[in-house]
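In: sharing a sequence plus its predicted fold:
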Amino acid sequence: MIAETVKNHGWAFVGNNVVPPFLANMTIGVVLYTTYVAAMPLCTGGHETENIYPPPKFRGVFTAGALAGTSSVDMSHSLRRYANSGVYTVVNTQSTFQVPQSDAVALDVCIHDDS
């Protein structure tokens, strides 16, 4: 599928429509992981580095996960606002590539055209 698209639309399609969603997903994953790792010692009392058993209390682990999830959602909303601001448009307006309606809903974060 990608080979046919590259053949029809050139390599610019990959740079304009494939790479940005991967970068956005990577950014959100990094924020999620680093926030969770940083929040765990704060929420559990920092004892998980000393011994594995007994495991940290559920409340601390849940709070660290909630903080990480909240920060990743905040980052994804920021990326969506940036993509929809018109400052950066993923879709090349010169391209004739049409996205099926079912795919357009799933790719809404990355594809936005104000014209």
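Out: Ah, there it is.

In: where does the protein dip in pLDDT?
Out: Within the chain, the segments meeting pLDDT under 70 span 47-51, 85-115.

In: quick one, strands of it?
Out: With DSSP state E, there are no strands along the chain.

In: list the contacts of the residue lying closest to Val31 once chain neighbours are set aside.
Out: Spatial nearest neighbour of Val31, excluding adjacent residues (C-beta to C-beta, 6 or more residues apart in numbering): Met75 at 4.6 Å. Quick note: C-beta positions are derived from backbone N, CA and C, even for glycine. Applying C-beta atoms under 8 Å, 6 or more residues apart in numbering to Met75 gives the contacts 27-28, 31.

In: from Asn25, how far off is Met75?
Out: 11 Å (C-beta to C-beta, to the nearest Å).

In: report how many residues lie close to Asn16.
Out: Per other C-beta atoms under 10 Å, the neighbour tally for Asn16 reads 19.

In: Ala64: neighbour count?
Out: By the criterion of other C-beta under 10 Å, Ala64 has 21 neighbours.

In: picking up where we left off before, out of the contacts of Met75, which are inside helices?
Out: Using DSSP state H, 27-28, 31 are the members of the contacts of Met75 that sit in helices.

In: and the buried ones among these, selectable in ChimeraX?
Out: To isolate the buried members of those in ChimeraX, using 16 or more other C-beta atoms under 10 Å:
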select :28,31
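
In: need the ones in helices among the contacts of Met75 in JSON lines (columns: distance to Asn8).
Out: Below are those laid out as JSON lines (distance: C-beta to C-beta, whole Å):
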{"residue": "Thr27", "distance to Asn8": "29"}
{"residue": "Ile28", "distance to Asn8": "30"}
{"residue": "Val31", "distance to Asn8": "35"}
